[in-house]
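J.: Please work out how this folds:
(one chain, ligands or ions: 1)
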Amino acid sequence: MNSYFDFPESLIQIIERIVLEETGSTDPKAFIQQFGRTIRQLSDSFNQLKGSPPVETTTRNEGYPAAYIAYFLPGNLLKIGAILLELKRTCPGRFFPEPEDSKTIKVLDLGAGPGTLGIGLLDFFARNPEAPRDRIVDYLAVDRERGPLRSFEKLFDRYQAVVTPSLKNRKIEFRARTELRPIDPKRSLPESSYDLIMVGNLINELIGQGFTTIELSNWIELLIGKLSPSGFLTVIEPALRLTSRNLLKIRDQLAEQRRALVLAPCLHQHACPILGPAGSEKDWCHHDISWKAPDWVQNIDRAIGNRKESLKFSYLVLSKPDQEPVLDPNLWRAVSERIETRGKREVFLCNLKGRIRYYLLDKEVSPLNRAFTEIERGDLLLLKEEPGTGDAKPRVHPDWQAKIFPLEH
Ligand SMILES: C[S@@+](CC[C@H](N)C(=O)[O-])C[C@H]1O[C@@H](n2cnc3c(N)ncnc32)[C@H](O)[C@@H]1O
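T.: From the prediction side, this is the model:
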(Lines give C-alpha, C1' and ligand atoms only; values in the text may rest on other atoms or scores of the structure.)
Protein backbone atom coordinates (compact mmCIF):
# COMPACT_ATOMS: atom_id res chain seq x y z
CA MET A 1 0.00 0.00 0.00
CA ASN A 2 1.17 3.51 -0.86
CA SER A 3 2.26 5.04 2.50
CA TYR A 4 0.31 8.19 1.63
CA PHE A 5 -2.85 6.19 2.47
CA ASP A 6 -1.65 5.60 6.05
CA PHE A 7 -3.85 8.13 7.76
CA PRO A 8 -1.68 10.85 9.42
CA GLU A 9 -1.75 10.47 13.20
CA SER A 10 -1.57 14.24 13.80
CA LEU A 11 -4.71 14.79 11.72
CA ILE A 12 -6.75 12.07 13.41
CA GLN A 13 -5.82 13.57 16.79
CA ILE A 14 -7.11 16.97 15.63
CA ILE A 15 -10.32 15.38 14.33
CA GLU A 16 -10.81 13.51 17.60
CA ARG A 17 -10.27 16.65 19.69
CA ILE A 18 -12.66 18.76 17.61
CA VAL A 19 -15.35 16.08 17.70
CA LEU A 20 -15.08 15.80 21.49
CA GLU A 21 -15.12 19.59 21.89
CA GLU A 22 -18.12 20.02 19.61
CA THR A 23 -20.16 17.33 21.31
CA GLY A 24 -19.01 17.96 24.88
CA SER A 25 -18.05 14.28 25.16
CA THR A 26 -15.50 13.46 27.82
CA ASP A 27 -13.64 10.79 25.84
CA PRO A 28 -13.91 8.71 22.62
CA LYS A 29 -15.90 5.98 24.36
CA ALA A 30 -18.52 8.46 25.57
CA PHE A 31 -18.71 10.00 22.10
CA ILE A 32 -19.25 6.63 20.41
CA GLN A 33 -21.87 5.68 22.99
CA GLN A 34 -23.76 8.90 22.38
CA PHE A 35 -23.31 9.29 18.63
CA GLY A 36 -22.84 5.73 17.35
CA ARG A 37 -26.52 5.56 16.43
CA THR A 38 -26.39 8.83 14.48
CA ILE A 39 -23.33 7.60 12.59
CA ARG A 40 -25.08 4.31 11.81
CA GLN A 41 -28.16 6.19 10.57
CA LEU A 42 -26.06 8.48 8.42
CA SER A 43 -24.15 5.54 7.00
CA ASP A 44 -27.44 3.78 6.16
CA SER A 45 -28.77 6.95 4.53
CA PHE A 46 -25.59 7.44 2.48
CA ASN A 47 -25.77 3.78 1.47
CA GLN A 48 -29.43 4.32 0.57
CA LEU A 49 -30.45 1.22 2.52
CA LYS A 50 -34.11 0.27 2.33
CA GLY A 51 -36.09 1.94 5.10
CA SER A 52 -33.34 4.43 5.98
CA PRO A 53 -34.29 8.12 6.06
CA PRO A 54 -33.21 10.25 3.07
CA VAL A 55 -29.83 11.99 3.39
CA GLU A 56 -31.70 15.31 3.37
CA THR A 57 -33.34 14.39 6.71
CA THR A 58 -30.28 12.91 8.42
CA THR A 59 -28.08 15.89 7.53
CA ARG A 60 -30.55 18.16 9.33
CA ASN A 61 -30.02 16.05 12.45
CA GLU A 62 -28.34 17.95 15.30
CA GLY A 63 -25.53 15.42 15.67
CA TYR A 64 -24.78 15.37 11.95
CA PRO A 65 -21.73 17.69 11.71
CA ALA A 66 -19.78 15.92 14.45
CA ALA A 67 -20.82 12.47 13.21
CA TYR A 68 -19.72 13.37 9.67
CA ILE A 69 -16.35 14.71 10.80
CA ALA A 70 -15.74 11.75 13.08
CA TYR A 71 -16.47 8.97 10.64
CA PHE A 72 -16.90 10.09 7.02
CA LEU A 73 -14.39 12.89 6.70
CA PRO A 74 -11.24 10.81 7.40
CA GLY A 75 -11.83 8.38 4.52
CA ASN A 76 -13.31 10.93 2.15
CA LEU A 77 -10.44 13.36 2.45
CA LEU A 78 -7.92 10.88 1.01
CA LYS A 79 -10.04 10.44 -2.11
CA ILE A 80 -9.06 13.77 -3.66
CA GLY A 81 -5.36 12.84 -3.39
CA ALA A 82 -6.07 9.46 -4.98
CA ILE A 83 -7.87 11.17 -7.87
CA LEU A 84 -5.08 13.69 -8.39
CA LEU A 85 -2.52 10.88 -8.50
CA GLU A 86 -4.69 9.04 -10.98
CA LEU A 87 -4.94 12.14 -13.18
CA LYS A 88 -1.15 12.53 -13.05
CA ARG A 89 -0.71 8.92 -14.15
CA THR A 90 -3.34 9.01 -16.89
CA CYS A 91 -2.77 12.51 -18.35
CA PRO A 92 0.46 13.90 -16.83
CA GLY A 93 0.25 17.08 -18.94
CA ARG A 94 -3.11 17.95 -17.33
CA PHE A 95 -1.87 17.70 -13.73
CA PHE A 96 -1.26 21.30 -12.55
CA PRO A 97 0.98 22.27 -15.51
CA GLU A 98 3.90 24.61 -14.81
CA PRO A 99 2.42 28.09 -14.43
CA GLU A 100 3.17 30.62 -17.17
CA ASP A 101 2.19 33.70 -15.18
CA SER A 102 0.48 33.17 -11.82
CA LYS A 103 1.65 30.57 -9.31
CA THR A 104 -1.79 30.60 -7.71
CA ILE A 105 -4.03 27.54 -7.95
CA LYS A 106 -7.58 28.77 -7.39
CA VAL A 107 -9.82 26.06 -5.97
CA LEU A 108 -13.60 26.02 -5.49
CA ASP A 109 -15.22 23.30 -3.35
CA LEU A 110 -19.00 23.11 -3.84
CA GLY A 111 -21.05 21.40 -1.12
CA ALA A 112 -17.83 21.41 0.90
CA GLY A 113 -19.44 20.37 4.21
CA PRO A 114 -16.62 20.46 6.78
CA GLY A 115 -14.19 21.13 3.91
CA THR A 116 -13.35 17.44 3.59
CA LEU A 117 -11.71 17.86 0.20
CA GLY A 118 -10.02 21.11 1.23
CA ILE A 119 -8.36 19.32 4.17
CA GLY A 120 -7.55 16.49 1.73
CA LEU A 121 -5.91 18.98 -0.61
CA LEU A 122 -3.95 20.61 2.21
CA ASP A 123 -2.79 17.16 3.30
CA PHE A 124 -1.90 16.22 -0.32
CA PHE A 125 0.24 19.33 -0.80
CA ALA A 126 1.90 18.82 2.59
CA ARG A 127 2.57 15.08 2.45
CA ASN A 128 2.54 13.72 -1.05
CA PRO A 129 5.88 13.69 -2.84
CA GLU A 130 4.06 13.92 -6.19
CA ALA A 131 2.21 17.15 -5.32
CA PRO A 132 3.32 20.32 -7.13
CA ARG A 133 5.72 22.68 -5.33
CA ASP A 134 6.19 26.42 -5.28
CA ARG A 135 2.50 27.37 -5.56
CA ILE A 136 -0.11 29.37 -3.71
CA VAL A 137 -3.32 27.40 -3.17
CA ASP A 138 -6.33 29.68 -2.77
CA TYR A 139 -9.25 27.53 -1.59
CA LEU A 140 -12.90 28.50 -1.20
CA ALA A 141 -15.40 26.18 0.55
CA VAL A 142 -19.10 26.77 -0.26
CA ASP A 143 -21.96 25.17 1.63
CA ARG A 144 -25.47 26.06 2.72
CA GLU A 145 -24.88 24.89 6.31
CA ARG A 146 -22.95 27.09 8.71
CA GLY A 147 -22.02 24.32 11.23
CA PRO A 148 -19.81 22.23 8.92
CA LEU A 149 -18.09 25.36 7.54
CA ARG A 150 -17.22 26.42 11.08
CA SER A 151 -15.79 22.97 11.77
CA PHE A 152 -13.74 23.30 8.60
CA GLU A 153 -12.22 26.55 9.84
CA LYS A 154 -11.12 24.84 13.07
CA LEU A 155 -9.80 21.77 11.27
CA PHE A 156 -7.95 23.89 8.75
CA ASP A 157 -6.30 26.21 11.29
CA ARG A 158 -5.13 23.35 13.47
CA TYR A 159 -3.89 21.04 10.71
CA GLN A 160 -2.25 23.86 8.83
CA ALA A 161 -0.27 24.72 11.98
CA VAL A 162 0.99 21.10 12.05
CA VAL A 163 1.97 20.92 8.36
CA THR A 164 3.43 24.42 8.04
CA PRO A 165 7.08 23.24 8.13
CA SER A 166 6.42 20.76 5.35
CA LEU A 167 4.48 23.34 3.31
CA LYS A 168 7.34 25.80 3.75
CA ASN A 169 9.84 23.21 2.55
CA ARG A 170 7.76 22.71 -0.53
CA LYS A 171 7.19 26.46 -0.98
CA ILE A 172 3.43 26.04 -0.68
CA GLU A 173 1.20 28.73 0.73
CA PHE A 174 -2.34 27.49 1.41
CA ARG A 175 -5.10 30.06 1.99
CA ALA A 176 -8.67 29.11 2.82
CA ARG A 177 -12.01 30.90 2.95
CA THR A 178 -15.61 29.79 3.43
CA GLU A 179 -18.85 31.05 1.95
CA LEU A 180 -22.29 30.27 3.35
CA ARG A 181 -24.55 30.02 0.31
CA PRO A 182 -27.13 27.63 -1.11
CA ILE A 183 -26.23 26.17 -4.49
CA ASP A 184 -28.96 26.19 -7.11
CA PRO A 185 -27.69 24.41 -10.22
CA LYS A 186 -30.26 26.28 -12.33
CA ARG A 187 -29.09 29.65 -11.12
CA SER A 188 -25.84 29.90 -9.19
CA LEU A 189 -22.53 30.03 -11.00
CA PRO A 190 -19.15 31.12 -9.67
CA GLU A 191 -18.15 34.61 -10.64
CA SER A 192 -14.44 34.15 -11.18
CA SER A 193 -12.39 31.49 -12.90
CA TYR A 194 -10.88 28.47 -11.11
CA ASP A 195 -8.06 26.03 -11.75
CA LEU A 196 -9.80 23.26 -9.83
CA ILE A 197 -13.49 22.88 -9.02
CA MET A 198 -14.43 20.03 -6.66
CA VAL A 199 -17.94 18.64 -6.30
CA GLY A 200 -17.80 15.99 -3.57
CA ASN A 201 -20.77 13.81 -2.64
CA LEU A 202 -23.14 16.60 -3.64
CA ILE A 203 -24.68 15.32 -6.88
CA ASN A 204 -26.77 12.64 -5.10
CA GLU A 205 -27.99 15.27 -2.63
CA LEU A 206 -28.96 17.61 -5.49
CA ILE A 207 -30.80 14.71 -7.14
CA GLY A 208 -32.55 14.18 -3.80
CA GLN A 209 -33.55 17.86 -3.95
CA GLY A 210 -35.27 17.23 -7.29
CA PHE A 211 -32.66 18.08 -9.92
CA THR A 212 -32.38 15.72 -12.91
CA THR A 213 -29.15 14.34 -14.36
CA ILE A 214 -29.79 16.50 -17.45
CA GLU A 215 -30.05 19.65 -15.33
CA LEU A 216 -26.93 18.63 -13.45
CA SER A 217 -24.92 17.94 -16.62
CA ASN A 218 -25.98 21.38 -17.90
CA TRP A 219 -24.76 22.85 -14.61
CA ILE A 220 -21.44 20.99 -14.77
CA GLU A 221 -20.95 22.19 -18.36
CA LEU A 222 -21.40 25.78 -17.12
CA LEU A 223 -18.96 25.15 -14.24
CA ILE A 224 -16.43 23.79 -16.74
CA GLY A 225 -16.88 27.05 -18.63
CA LYS A 226 -15.57 28.76 -15.49
CA LEU A 227 -12.32 26.76 -15.47
CA SER A 228 -9.01 28.34 -16.42
CA PRO A 229 -7.61 26.95 -19.72
CA SER A 230 -5.62 24.21 -17.94
CA GLY A 231 -8.17 23.76 -15.15
CA PHE A 232 -10.15 20.65 -14.31
CA LEU A 233 -13.21 19.65 -12.32
CA THR A 234 -13.56 16.61 -10.09
CA VAL A 235 -16.82 14.96 -9.15
CA ILE A 236 -16.89 12.32 -6.41
CA GLU A 237 -19.93 10.22 -5.64
CA PRO A 238 -20.60 7.19 -3.40
CA ALA A 239 -19.79 3.84 -5.01
CA LEU A 240 -23.44 2.72 -5.02
CA ARG A 241 -25.17 1.31 -8.06
CA LEU A 242 -27.68 4.14 -8.32
CA THR A 243 -25.37 7.08 -7.54
CA SER A 244 -22.63 5.70 -9.80
CA ARG A 245 -25.02 5.10 -12.69
CA ASN A 246 -26.35 8.65 -12.33
CA LEU A 247 -22.77 9.89 -12.55
CA LEU A 248 -22.25 7.79 -15.69
CA LYS A 249 -25.38 9.34 -17.22
CA ILE A 250 -23.99 12.81 -16.52
CA ARG A 251 -20.66 11.70 -18.01
CA ASP A 252 -22.31 10.47 -21.19
CA GLN A 253 -24.47 13.58 -21.58
CA LEU A 254 -21.28 15.68 -21.42
CA ALA A 255 -18.84 13.48 -23.34
CA GLU A 256 -21.02 12.29 -26.18
CA GLN A 257 -21.82 15.82 -27.28
CA ARG A 258 -18.22 16.97 -26.63
CA ARG A 259 -19.39 19.44 -23.98
CA ALA A 260 -16.51 18.29 -21.76
CA LEU A 261 -13.47 16.03 -21.91
CA VAL A 262 -13.27 13.08 -19.55
CA LEU A 263 -9.67 12.91 -18.32
CA ALA A 264 -10.15 10.12 -15.77
CA PRO A 265 -11.00 7.40 -15.00
CA CYS A 266 -12.19 6.75 -18.57
CA LEU A 267 -9.58 6.38 -21.32
CA HIS A 268 -12.01 7.39 -24.08
CA GLN A 269 -14.76 9.86 -24.88
CA HIS A 270 -17.29 7.35 -26.30
CA ALA A 271 -20.52 6.41 -24.56
CA CYS A 272 -19.96 4.35 -21.42
CA PRO A 273 -20.32 0.65 -22.37
CA ILE A 274 -22.14 0.00 -19.10
CA LEU A 275 -25.05 2.20 -20.17
CA GLY A 276 -25.00 0.87 -23.77
CA PRO A 277 -26.85 -2.13 -25.23
CA ALA A 278 -24.12 -4.55 -24.09
CA GLY A 279 -24.30 -3.28 -20.50
CA SER A 280 -26.59 -4.44 -17.75
CA GLU A 281 -28.76 -2.55 -15.24
CA LYS A 282 -26.80 -4.43 -12.60
CA ASP A 283 -23.45 -2.92 -13.57
CA TRP A 284 -21.77 0.23 -12.38
CA CYS A 285 -18.26 1.57 -12.26
CA HIS A 286 -16.34 2.53 -9.15
CA HIS A 287 -12.86 2.90 -7.78
CA ASP A 288 -11.41 1.30 -4.65
CA ILE A 289 -8.23 2.16 -2.78
CA SER A 290 -6.61 0.49 0.20
CA TRP A 291 -6.01 2.60 3.26
CA LYS A 292 -4.96 2.10 6.83
CA ALA A 293 -8.01 3.20 8.81
CA PRO A 294 -6.99 5.05 11.97
CA ASP A 295 -7.84 3.31 15.27
CA TRP A 296 -10.46 6.00 15.91
CA VAL A 297 -12.40 4.91 12.78
CA GLN A 298 -11.86 1.22 13.54
CA ASN A 299 -13.32 1.72 17.04
CA ILE A 300 -16.42 3.40 15.57
CA ASP A 301 -16.66 0.59 13.00
CA ARG A 302 -16.68 -2.01 15.77
CA ALA A 303 -19.36 -0.15 17.70
CA ILE A 304 -21.72 0.30 14.77
CA GLY A 305 -21.00 -3.01 13.01
CA ASN A 306 -19.40 -1.57 9.87
CA ARG A 307 -16.10 -2.22 8.11
CA LYS A 308 -14.39 0.66 6.32
CA GLU A 309 -11.63 -1.59 5.07
CA SER A 310 -11.02 0.21 1.81
CA LEU A 311 -12.17 3.49 0.29
CA LYS A 312 -14.76 3.03 -2.41
CA PHE A 313 -16.04 5.84 -4.60
CA SER A 314 -17.05 6.79 -8.12
CA TYR A 315 -15.44 9.79 -9.74
CA LEU A 316 -14.85 11.84 -12.86
CA VAL A 317 -12.15 14.32 -13.79
CA LEU A 318 -13.45 16.66 -16.49
CA SER A 319 -12.00 19.57 -18.43
CA LYS A 320 -12.97 21.92 -21.23
CA PRO A 321 -13.60 20.10 -24.51
CA ASP A 322 -10.31 21.11 -26.09
CA GLN A 323 -7.62 18.73 -27.27
CA GLU A 324 -8.36 15.12 -26.48
CA PRO A 325 -5.47 13.42 -24.63
CA VAL A 326 -3.60 11.03 -26.92
CA LEU A 327 -3.46 7.69 -25.14
CA ASP A 328 -1.83 4.43 -26.17
CA PRO A 329 -4.65 2.20 -27.52
CA ASN A 330 -3.02 -0.68 -25.61
CA LEU A 331 -3.70 1.10 -22.33
CA TRP A 332 -6.70 -0.23 -20.37
CA ARG A 333 -8.41 0.63 -17.10
CA ALA A 334 -9.30 -2.34 -14.84
CA VAL A 335 -12.96 -1.77 -14.03
CA SER A 336 -13.62 -4.85 -11.92
CA GLU A 337 -11.97 -6.93 -9.25
CA ARG A 338 -9.73 -9.73 -10.45
CA ILE A 339 -11.97 -12.77 -10.84
CA GLU A 340 -10.15 -15.99 -10.06
CA THR A 341 -11.99 -19.01 -11.41
CA ARG A 342 -10.78 -22.55 -11.88
CA GLY A 343 -7.81 -22.53 -14.24
CA LYS A 344 -7.93 -18.84 -15.11
CA ARG A 345 -7.97 -15.20 -13.92
CA GLU A 346 -10.28 -12.69 -15.48
CA VAL A 347 -10.77 -8.97 -15.27
CA PHE A 348 -12.99 -6.44 -17.03
CA LEU A 349 -10.82 -3.94 -18.90
CA CYS A 350 -12.16 -0.75 -20.46
CA ASN A 351 -10.84 1.59 -23.13
CA LEU A 352 -12.01 2.92 -26.49
CA LYS A 353 -12.43 -0.65 -27.74
CA GLY A 354 -15.12 -1.26 -25.10
CA ARG A 355 -15.50 -3.01 -21.74
CA ILE A 356 -14.08 -6.45 -22.29
CA ARG A 357 -13.68 -9.43 -19.97
CA TYR A 358 -10.10 -10.55 -20.65
CA TYR A 359 -8.82 -13.83 -19.29
CA LEU A 360 -5.50 -15.52 -18.74
CA LEU A 361 -5.29 -19.28 -18.36
CA ASP A 362 -3.11 -20.39 -15.43
CA LYS A 363 -1.14 -22.63 -17.79
CA GLU A 364 -0.40 -19.64 -20.03
CA VAL A 365 1.04 -17.34 -17.35
CA SER A 366 4.47 -16.23 -18.56
CA PRO A 367 7.13 -13.75 -17.42
CA LEU A 368 5.74 -11.34 -20.04
CA ASN A 369 2.07 -11.43 -19.02
CA ARG A 370 2.46 -12.15 -15.25
CA ALA A 371 1.35 -8.61 -14.32
CA PHE A 372 -2.16 -9.57 -15.46
CA THR A 373 -2.38 -11.92 -12.45
CA GLU A 374 -1.74 -9.00 -10.06
CA ILE A 375 -4.06 -6.38 -11.49
CA GLU A 376 -6.46 -4.60 -9.14
CA ARG A 377 -9.56 -2.50 -9.70
CA GLY A 378 -8.67 0.96 -10.99
CA ASP A 379 -5.18 0.02 -12.23
CA LEU A 380 -3.95 1.12 -15.63
CA LEU A 381 -2.73 -1.85 -17.63
CA LEU A 382 -0.62 -1.79 -20.77
CA LEU A 383 -1.53 -4.94 -22.66
CA LYS A 384 0.49 -5.47 -25.81
CA GLU A 385 -0.73 -8.15 -28.15
CA GLU A 386 1.94 -9.88 -30.15
CA PRO A 387 0.84 -9.24 -33.78
CA GLY A 388 -0.81 -12.25 -35.34
CA THR A 389 -1.40 -14.04 -32.01
CA GLY A 390 -4.77 -12.48 -31.20
CA ASP A 391 -7.86 -14.55 -31.87
CA ALA A 392 -11.51 -13.62 -31.57
CA LYS A 393 -11.40 -14.38 -27.82
CA PRO A 394 -10.13 -11.87 -25.26
CA ARG A 395 -7.53 -14.41 -24.16
CA VAL A 396 -4.18 -13.10 -22.98
CA HIS A 397 -1.48 -15.09 -24.76
CA PRO A 398 1.84 -16.15 -23.22
CA ASP A 399 3.74 -13.78 -25.52
CA TRP A 400 1.57 -10.73 -24.78
CA GLN A 401 3.20 -8.14 -22.59
CA ALA A 402 1.28 -6.86 -19.53
CA LYS A 403 2.49 -3.95 -17.40
CA ILE A 404 0.62 -2.28 -14.53
CA PHE A 405 0.85 1.40 -13.61
CA PRO A 406 -0.36 1.32 -9.98
CA LEU A 407 -0.08 4.13 -7.45
CA GLU A 408 3.59 4.45 -6.57
CA HIS A 409 4.82 2.77 -3.40
C1 LIG B 1 -22.31 14.56 2.02
S2 LIG B 1 -21.78 16.18 2.32
C3 LIG B 1 -20.27 16.21 1.40
C4 LIG B 1 -19.21 17.01 2.05
C5 LIG B 1 -17.87 16.95 1.33
N6 LIG B 1 -17.93 17.53 0.03
C7 LIG B 1 -17.39 15.51 1.23
O8 LIG B 1 -17.25 15.00 0.11
O9 LIG B 1 -17.15 14.89 2.25
C10 LIG B 1 -22.81 17.15 1.26
C11 LIG B 1 -22.77 18.63 1.58
O12 LIG B 1 -23.49 19.32 0.57
C13 LIG B 1 -24.22 20.37 1.16
N14 LIG B 1 -25.35 20.70 0.29
C15 LIG B 1 -26.34 19.88 -0.12
N16 LIG B 1 -27.18 20.55 -0.93
C17 LIG B 1 -26.70 21.82 -1.03
C18 LIG B 1 -27.13 22.97 -1.73
N19 LIG B 1 -28.20 22.95 -2.50
N20 LIG B 1 -26.42 24.10 -1.59
C21 LIG B 1 -25.29 24.13 -0.84
N22 LIG B 1 -24.84 23.07 -0.15
C23 LIG B 1 -25.53 21.92 -0.26
C24 LIG B 1 -24.67 19.82 2.50
O25 LIG B 1 -24.93 20.86 3.41
C26 LIG B 1 -23.45 18.97 2.89
O27 LIG B 1 -22.56 19.72 3.70
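J.: Name the residues of the protein found near the ligand, please.
T.: 59, 76, 111-113, 116-117, 143-145, 148, 182-183, 200-202, 205, 209 (Cβ under 6 Å from any ligand atom). Any C-beta I mention is one placed from the backbone N, CA and C, and that applies to glycine too.
J.: Among those residues, which ones are in helices?
T.: Asn76, Thr116, Leu117, Pro148, Glu205 (DSSP state H).
J.: Just flag the most distant two among these.
T.: Leu117 and Glu205 (14.8 Å; Cβ to Cβ).
J.: what about the two, which has more around it?
T.: Leu117 (30 against 16; other Cβ atoms under 10 Å).
J.: one step back: and the ones in helices among the residues of the chain next to the ligand as CSV, adding pLDDT?
T.: CSV is the format used below for those (pLDDT from 0 to 100):
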residue, pLDDT
Asn76, 96
Thr116, 98
Leu117, 98
Pro148, 93
Glu205, 94
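J.: Closest to Asp399 out of those?
T.: Asn76 (43.4 Å).
J.: Kindly provide the distance from the closest one to Ala293.
T.: 13 Å (Cβ to Cβ, to the nearest Å).
J.: Leu202 too?
T.: For Leu202, the distance to Ala293 - Cβ to Cβ - is 24 Å.
J.: which residue packs closest to Leu73, ignoring adjacent ones?
T.: Leaving aside its sequence neighbours, Leu73 sits nearest to Thr116 (Cβ to Cβ, 6 or more residues apart in numbering; 4.9 Å).
J.: same question, Gln33
T.: Ala303 (8.0 Å).
J.: Likewise for Lys154?
T.: Ile18 (5.5 Å).
J.: so that neighbour is in which element?
T.: Using DSSP states H and E, Ile18 sits in helix 9-23.
J.: Touching, Gln34 and Gly24? I think so.
T.: No: the pair Gln34 / Gly24 is not scored as a contact, 9.2 Å apart, by Cβ atoms under 8 Å.
J.: Of those two, which one has the most company?
T.: The residue with more neighbours, out of Gln34 and Gly24, is Gln34; 14 against 10, by other Cβ under 10 Å.
J.: in a helix, that's where the more buried one is, yeah?
T.: Yes: under DSSP: H, G, I helix; E, B strand; the rest coil, Gln34 falls within a helix.
J.: for it, what are its contacts?
T.: Listed by Cβ atoms under 8 Å, 6 or more residues apart in numbering, the contact set of Gln34 reads Thr23, Ser25.
J.: how about a cut-off of 10 Å?
T.: Residues in contact with Gln34, defined by Cβ atoms under 10 Å, 6 or more residues apart in numbering, are Thr23, Gly24, Ser25, Gly63, Ala66.
J.: same question, Gln209
T.: Gln209 makes contacts with Pro54, Val55, Glu56, Pro182, Ile183, Asp184, Pro185, as judged by Cβ under 10 Å, 6+ apart.
J.: mind running it again at 8 Å?
T.: Glu56.
J.: looking at it, Gln253 is touching Ile214, isn't it?
T.: Yes: using Cβ under 8 Å, Gln253 is in contact with Ile214, at 6.4 Å.
J.: In terms of neighbours, single out the busier of these two.
T.: More crowded of Gln253 and Ile214, by other Cβ under 10 Å: Gln253, with 18 against 11.
J.: What are the boundaries of the strands in this structure?
T.: 104-110, 135-143, 172-180, 194-200, 227-237, 261-264, 287-290, 310-319, 331-334, 339-341, 344-351, 354-361, 380-384, 401-405 (DSSP state E).
J.: How about residues contacting the last one?
T.: Contacting residues not belonging to strand 401-405 are listed as 89, 368-372, 374-375, 379-384, 386, 396 [Cβ under 8 Å, 6+ apart].
J.: With that, I have no additional questions.
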